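just need the structure, nothing else, for what follows:
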Amino acid sequence: MQQHITIDRIEGGIAVVELPDMTTVDVPLALFPGAKEGDNYIISKTDTTDRRDKIQNKFDRLKGADKQ
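Presented below is the predicted three-dimensional model:
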């Protein structure tokens, strides 16, 4: 599942993000390094799940290394 979002405007350290249903949410600008007003992003749940799985695998390997 993908969602297209747009940086509507930037107010200080906050990016006002427009969602597909035309609502807006305030998000820390640090989450969008180098972002400018009008920039478009695609957010994918698959990417998030993949990243979480990779981090969990690394954590599990590190825990296993402690037992040796």
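
from here on, contacts and neighbour counts on C-alpha atoms
Will do.

quick one: strands adjacent to the longest strand along the chain?
Longest strand in the chain, counting residues (DSSP state E): strand 2-11. In the sheet, strand 2-11 lines up against strand 14-18 (antiparallel), strand 40-44 (antiparallel) (DSSP bridges).

any idea which of these is most buried?
Mean neighbour count (mean count of other Cα atoms under 10 Å) peaks for strand 14-18 among the strands paired with strand 2-11, with a mean of 21.

that strand - what's its average pLDDT?
Across strand 14-18, pLDDT averages out at 96.

next one: it to chain centre, how far?
Centroid separation for strand 14-18 versus its chain: 13 Å, with Cα atoms, centre = their mean, to the nearest Å.

could you do stretch 41-55 as well?
8 Å.

could you dump it to PDB, C-alpha only?
These are the backbone C-alpha positions of stretch 41-55, laid out as PDB (Å, rounded to 0.1, in the frame of the first residue of the first chain):
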ATOM      1  CA  TYR A  41       6.800  11.800  -1.400                       C
ATOM      2  CA  ILE A  42       5.500   8.200  -1.700                       C
ATOM      3  CA  ILE A  43       5.200   6.400   1.700                       C
ATOM      4  CA  SER A  44       5.000   2.600   1.400                       C
ATOM      5  CA  LYS A  45       3.900   0.300   4.300                       C
ATOM      6  CA  THR A  46       6.000  -2.400   2.600                       C
ATOM      7  CA  ASP A  47       9.100  -0.300   3.100                       C
ATOM      8  CA  THR A  48       8.300   0.200   6.700                       C
ATOM      9  CA  THR A  49       7.700  -3.500   7.300                       C
ATOM     10  CA  ASP A  50      10.900  -4.500   5.400                       C
ATOM     11  CA  ARG A  51      12.900  -2.000   7.500                       C
ATOM     12  CA  ARG A  52      11.400  -3.300  10.800                       C
ATOM     13  CA  ASP A  53      12.200  -6.900   9.800                       C
ATOM     14  CA  LYS A  54      15.800  -6.000   8.900                       C
ATOM     15  CA  ILE A  55      16.300  -4.200  12.200                       C
END
